[in-house]
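Chemist: Build the 3D model from these lines:
(chains A and B)
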There are 2 protein chains.
Amino acid sequence: LIRKPDSLLSRVTVVLVNTRNPLNIGAVARAMSNFGFLDLRLVRPYSHSFREARSAVGASALLRAAEKYEDVATAVRDCSLVVGTTAAHNRQLQHPLRRLDEGAKIILKRLRTGRVALLFGSEKRGLSNEDLSHCHWLLRIPTREEHGSMNLGQAAAVCLYELAGGSTGDGPAPGKAARKQSRPAAQDGLERITSLLVGLLSTSGYLKAAPSALAEGKIRRMVLRLGLSASDADLWLGIFRHIQWKLGQGK
Amino acid sequence: LIRKPDSLLSRVTVVLVNTRNPLNIGAVARAMSNFGFLDLRLVRPYSHSFREARSAVGASALLRAAEKYEDVATAVRDCSLVVGTTAAHNRQLQHPLRRLDEGAKIILKRLRTGRVALLFGSEKRGLSNEDLSHCHWLLRIPTREEHGSMNLGQAAAVCLYELAGGSTGDGPAPGKAARKQSRPAAQDGLERITSLLVGLLSTSGYLKAAPSALAEGKIRRMVLRLGLSASDADLWLGIFRHIQWKLGQGK
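Modeler: Below is the predicted model of the structure:
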């Protein structure tokens, strides 16, 4: 009764960052299995016993297959769209913020051309600014202003329900899918552009101080906002590499 | 940010029948509070300590106000529609079965004229035949056939999200409204970036021959594809100016 073809939903990657409670990891795995999502990745989980979480009823295989990563950049390197989740009531956000139903539509479209990562932060603090700098935009479940903070397992269940087409009832439009789309750049290509730019702007003196996490995050967001296709990403990478080489020559 | 008038959502009664785990009762209470539902009733909860469930983050008042009942009949006596929830994959059902999104629409209509009860059964067995006999019809969250059984707190969160109008798309979209729309860059700003880039790529030797109309057109289209906002256009203009100046210095 999942209404999207398996091949599309299998392109969704759920990334849990700094999750403290193994029960929550298990609960997310269970909801993934309920709605037909299979790819779970964990960035710095607090507990190493998470794979035995009893809350993963019916989803222990999925949980055992989950891969562990040291940082967000590596976990999302093969994804062409990275979406963060946030309660977002009391935060100054530097990203576009989309309501779950709108965001899900965009994600479903993007799945036709590449892998999409959906990030959930830690139970206490959500996603850090560094985590957020890897996101193209943010997703928000419409909750009461007075009580916006959801339980992690429940937030994941609601997001995956919406993504599985729970309420729209429409599947992917085959006519639209047939249209040739330019494939969006994967995250690792964009990350190469970011680090090239950081290096270039630092050696050229555009960044006055040594490159800080702040400056790097700012430049990463700037690059993500470009929404580059894979072929354009290659072009810009070539240009920046050439400039870097040329600047090195001048010394 | 709940899109139905409070008076309507306050007419929904969530009834938990034979719930074993106090953590699950707490989780349901939290989701209710997240989405703006306040009336929780418990039929024969297994544990009497449920009111202290730490999982009810932000919803302890709601949990303390929850009333206890000896049977379903008494718990739903003031409701004009009683809806049961079920995984329903392997059961012979004698009730009409509606998918969550369809069922939610009917419930919302009925709220205009009376109170509606939404029943959740125990974690292991769901609702008994006796419990079901009090229901007008049954609601089912569309899950995978292979793994239909959801965690109680997650099932409740998904149902309440749908009932709160999470995905219907009607009502104000808080995300959109809150986000300050970034003004797109004017064409003259983009043209300045283009000519800067053409000059830069030509003096640095990236363009092998003298800049042709062909190369310029190609670079212009590349810049246009970036879809820059006005403020981002300023940022990139500054970066390219700085690089141009730096390359000039090296000579």
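Chemist: from here on, contacts and neighbour counts on C-alpha atoms
Modeler: Fine.
Chemist: Up against chain B, what does the stretch 51-200 of chain A have?
Modeler: Taking CA under 8 Å from any CA of the partner chain as the contact definition, the stretch 51-200 of chain A meets chain B at A:58, A:96-101, A:140-145, A:147-151, A:153-155, A:157-158, A:161-162, A:166-168.
Chemist: In which helix or strand does residue A:55 reside?
Modeler: Under the criterion DSSP states H and E, no helix or strand holds residue A:55.
Chemist: now the strands: where do they sit in the stretch 51-200 of chain A?
Modeler: Counting by DSSP state E, counting those that start in this stretch, the stretch 51-200 of chain A has strands at residues A:67-69, A:81-85, A:97-99, A:116-120, A:137-140.
Chemist: residue ranges with poor pLDDT in the stretch 151-251 of chain A?
Modeler: Within the stretch 151-251 of chain A, the set of residues satisfying pLDDT under 70 comprises A:166-181, A:250-251.
Chemist: again, only this time at 90
Modeler: A:165-190, A:199-219, A:221-222, A:224-232, A:234-235, A:242-251 (pLDDT under 90).
Chemist: quick one on the thing from earlier: buried members of the residues of the stretch 51-200 of chain A next to chain B into ChimeraX, please.
Modeler: Applying 16 or more other CA atoms under 10 Å in any protein chain shown to those, the buried members can be selected in ChimeraX as follows:
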select /A:58,96,97,98,99,100,101,140,141,142,143,144,145,147,148,149,150,151,153,154,155,157,158,161,162,166,167,168
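Chemist: List the ones among the residues of the stretch 51-200 of chain A next to chain B that fall in helices.
Modeler: Members of these lying in helices (criterion: DSSP state H): A:100, A:101, A:153, A:154, A:155, A:157, A:158, A:161, A:162.
Chemist: roughly how far apart are the third one and residue A:26?
Modeler: Between residue A:153 and residue A:26 the computed distance is 8 Å (CA to CA, to the nearest Å).
Chemist: do the last one as well
Modeler: Separation of residue A:162 from residue A:26 (CA to CA): 20 Å.
Chemist: now do the fourth one
Modeler: Here residue A:154 is placed at a distance of 12 Å from residue A:26 (CA to CA).
Chemist: where in the stretch 1-150 of chain A is pLDDT low?
Modeler: For the stretch 1-150 of chain A, the ranges with pLDDT under 90 are A:1-8, A:47-56, A:87-96, A:129, A:144-148.
Chemist: can you give me the helices in it?
Modeler: A:6-9, A:22-35, A:60-65, A:72-75, A:100-111, A:129-132 (DSSP state H, counting those that start in this stretch).
Chemist: in chain A, which helix has the most residues?
Modeler: Counting residues, the longest helix in chain A under DSSP H turns out to be helix A:230-249.
Chemist: Can you check what angle separates it from helix B:230-249?
Modeler: Orientation check (axes from the mean of the first three to the mean of the last three CA atoms, to 10 degrees): helix A:230-249 against helix B:230-249 gives 30 degrees.
Chemist: what does helix A:230-249 contact?
Modeler: Residues outside helix A:230-249 that contact it (CA atoms under 8 Å, 6 or more residues apart in numbering or on different chains): A:182-186, A:189-190, A:192-193, A:196-197, A:200, A:204, B:201, B:204, B:206, B:222, B:246-247, B:250.
Chemist: okay, the helices of the stretch 1-150 of chain A, which one's buried deepest?
Modeler: helix A:22-35 (a mean of 26; mean count of other CA atoms under 10 Å in any protein chain shown).
Chemist: wait, does that one contact chain B?
Modeler: Yes - looking at helix A:22-35 against chain B by CA under 8 Å from any CA, the contacts come from A:27, A:30, A:31, A:33, A:34, A:35.
Chemist: For the contacts of helix A:230-249, which ChimeraX command selects only the ones that are buried?
Modeler: To isolate in ChimeraX the members of these that are buried, counting by 16+ other CA under 10 Å, one can use:
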select /A:183,184,185,186,189,190,193,196,197,200,204 /B:201,204,222,246,247
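Chemist: got a list of what the residue nearest to residue A:85 when sequence neighbours are not counted touches?
Modeler: Nearest residue to residue A:85, sequence neighbours excluded (CA to CA, 6 or more residues apart in numbering or on different chains): residue A:139, at 4.7 Å. Applying CA under 8 Å, 6+ apart to residue A:139 gives the contacts A:83, A:84, A:85, A:86, A:97, A:98, A:99, A:100, A:103.
Chemist: ok, for the fifth one, nearest residue in space, not its chain neighbours?
Modeler: This means residue A:97. Nearest residue to residue A:97, sequence neighbours excluded (CA to CA, 6+ apart): residue A:138, at 4.8 Å.
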